[in-house]
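1. next one to model:
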Amino acid sequence: MIKLEEKSDHKLIQAHEKLLRDHEKRLGRVEHEMLQMHKEFLQGLDRVDQSNKYLREQNNDILGAIIKRNETEEQHKHQLQLISRKNMWQLIIGISSTTGLLYIILQQLFKIL
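-> I've put the predicted structure just below:
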């Protein structure tokens with residue numbers, strides 16, 4: 001009876017060892033899959049970081065272009081205002097000069113007549 005128990009114990013131990021080996025293999029596969037998932041996750045984060053960097057650069061370029069355009073537009077408006085004022089003063093001076101000249105011409109005509 002002892003030998004029967006020993007055989008049955010031996011079979012139990014072998015079955016248990018086989019289960020342990022299978023379990024270790026499964027754990028190894030799971031660990032490998034986890035490492036792969038972790039690598040893929042890090043690669044995905046790296047792609048997102050690169051994409052964000054590219055988008056930030058594009059946004060900075062666009063912002064720079066808009067700021068430059070606004071500055072150019074402000075300078076252009078300022079130049080137009082200066083030209084407008086200059087033209088207004090030229091018109092006032094021209095009208096005043098013409099009025100004065102007409103007054104002198106009319107005065108001379110009245111003297112002659």
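
2. low-confidence regions, the protein specifically.
-> Across the chain, the ranges flagged by pLDDT under 70 are 1-6.

3. and the helices in it?
-> 2-112 (DSSP state H).

4. what is the neighbour count of H32?
-> For H32, the neighbour count with other C-beta atoms under 10 Å is 10. All C-beta spots, glycine's among them, are computed from the backbone N, C-alpha and C.

5. and it, how far from L42?
-> Separation of H32 from L42 (C-beta to C-beta, to the nearest Å): 16 Å.

6. now swap in K18 and tell me
-> Per C-beta to C-beta, K18 is found 36 Å from L42.

7. next one: Q79
-> 55 Å.

8. what does L12 give?
-> Taking C-beta to C-beta, one finds L12 at 44 Å from L42.

9. equivalent analysis for D9, please.
-> On the measure of C-beta to C-beta, D9 and L42 end up 48 Å apart.

10. same thing with T99?
-> Taken as C-beta to C-beta, the span from T99 to L42 is 84 Å.
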